[in-house]
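Student: What follows is a predicted structure for the sequence shown.
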Amino acid sequence: MGIVILTDSAADLPQPMYDDYNIEMISLHVYSGEEEYLDGRTLQPQKLFAEMRQGKVFKTAQAEPAVFKDHFERYAKRGDSCLYVGFSSGLSSTYQSAALARSDVLQAYPGCQIALVDTKCASLGQGLVVYQAAKWAKETDDLDELAARVEAYARRMQHIFTVDDLEYLYRGGRVSRTTAWVGGILNIKPILHVVDGKLVPLEKVRGKNKVIRRMVEIMGERGSKLQEQTVGISHGDDLDAANKLMEAVTEAYGCQDFIISSIGCAIGAHSGPGTLALFFLTE
C-alpha cells in the first residue's frame, strides 16, 4: 500500500521525472482536423511546434472521466491511495472529469482513498507541484494531510510567461485580432500570469531580450527565498531562450536548482512555438 501520485500531461515534466518519482500521467487529447493524438504519447512537442510553424492548427480536449475511472479502480483494487494533482479547472475540464470518476469509484469501492487537488496551475507550474507532491508522498501515508500540503503549495506558485507570436493567443480567444496584428508589426511581447487558475495579461514589452529582463525583475518582486527554490522554466521549442532566462535568473538571484522542459502539446497548441515561461514560489 502507498499513495500514488497521478497527474495529467499539462504538467509538462520531463519524462525521466515521471519514471524516477513513480508519477503516473494521463494524456490530454490533441486534434488536428480529424486526426486525434495523445499528448506526449502519440504526439511529441517537436512535431507539434514544427507543424504549427508551417500553419497547422491544433485543438485540445480534456481527458474523459472513463480514463480516470480506470486508474482509480485499479488503485482501489490493489489497496493504494491516490492523489490526483491536476491541471487548473480554470483552463480545462479535466479536473471535473477526475471529480466525476472519483464519485463513481467511491460508490463502488466505499473504502478506497482518492483525493483531488485543483492546482490552479499549468505547464511546469503544475509540474513543480506534482514533483513536490511525489517527494512528500514518500514521507507520509496520510492522504488528507498530503492533499492539504500540496494544495497550499500550489497556491504559492507563480507563472510568468510570454509568447513569441500573439496569433496563437488570438486563436485561443486571449487577445483580439487587432492586438495580435499590431503586436506582430511592433514586435510587442506580452507578459502574462495566472490569477485564480486563469491566464491574465500583465504587461507588454517590445523585444525578446527586454521581455526576459522584465520577467526576471517580476520574479524578484514576487519571489520568496529564491536561492532555496527549484525554479521551473518551460519553452516552446526554444531551448536557447530558456537557457538565457536561466542564466539571467542565476545571475540576479543566485538560484542553482532548475527544471527546464519543453512545453507539452496540450499547452503548446494554445501558446505556440517560442513561448517562454518562468515558475517559482511566492511567500
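Tutor: Structure received.
Student: wait, T119 sits on A154?
Tutor: Yes. Contact criterion Cβ atoms under 8 Å: T119 and A154 qualify, at 4.1 Å. The way it works is simple: take the backbone N, C-alpha and C, and place the C-beta from them, glycine included.
Student: Residue ranges in the stretch 1-150 of the chain under the pLDDT threshold?
Tutor: 1 (pLDDT under 70).
Student: So which residues of it form strands?
Tutor: For the stretch 1-150 of the chain, applying DSSP state E, counting those that start in this stretch gives strands covering 3-8, 23-26, 29-32, 35-38, 59-61, 81-86, 114-118.
Student: so of those strands, which one's packed in deepest?
Tutor: strand 81-86 (a mean of 27; mean count of other Cβ atoms under 10 Å).
Student: the inter-axis angle of that one versus strand 3-8?
Tutor: Computed with axes from the mean of the first three to the mean of the last three Cα atoms, to 10 degrees, the direction of strand 81-86 lies at 20 degrees from that of strand 3-8.
Student: Which neighbours in the sheet does strand 81-86 have, and how are they oriented?
Tutor: strand 3-8 (parallel), strand 114-118 (parallel) (DSSP bridges).
Student: Can I get the longest one in CSV, CA atoms only?
Tutor: Once side chains and other backbone atoms are set aside, the C-alpha atoms of strand 3-8 remain, and they are given as CSV (Å, rounded to 0.1, in the frame of the first residue of the first chain):
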residue,chain,number,x,y,z
ILE,A,3,0.0,6.9,-2.1
VAL,A,4,0.1,7.0,-5.9
ILE,A,5,0.6,10.5,-7.4
LEU,A,6,-1.4,10.9,-10.6
THR,A,7,-1.4,13.9,-12.9
ASP,A,8,-2.1,14.8,-16.5
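Student: ok, back up a step: more neighbours, T119 and A154?
Tutor: T119 (28 against 24; other Cβ atoms under 10 Å).
Student: quick check: domain ranges of this structure?
Tutor: Domain ranges of the chain: 3-28+63-154, 157-281, per automatic domain parsing.
Student: Those: which one's closest to K47?
Tutor: Among these, the nearest to K47 by Cβ to Cβ is domain 157-281 (8.4 Å).
Student: so how far does the closest one reach from one end to the other?
Tutor: One end of domain 157-281 to the other measures 5 Å (Cα to Cα, to the nearest Å).
Student: and it, how far from the chain's centre?
Tutor: 13 Å (Cα atoms, centre = their mean, to the nearest Å).
Student: Which parts of this structure are helices?
Tutor: 15-20, 45-53, 65-78, 94-108, 123-137, 143-154, 166-171, 177-186, 208-222, 239-253, 265-271 (DSSP state H).
Student: And the third one, what does it pack against?
Tutor: Packing partners of helix 65-78 (3 or more Cβ pairs under 8 Å, 6 or more residues apart in numbering; DSSP states H and E): strand 23-26, strand 81-86, helix 94-108, strand 114-118.
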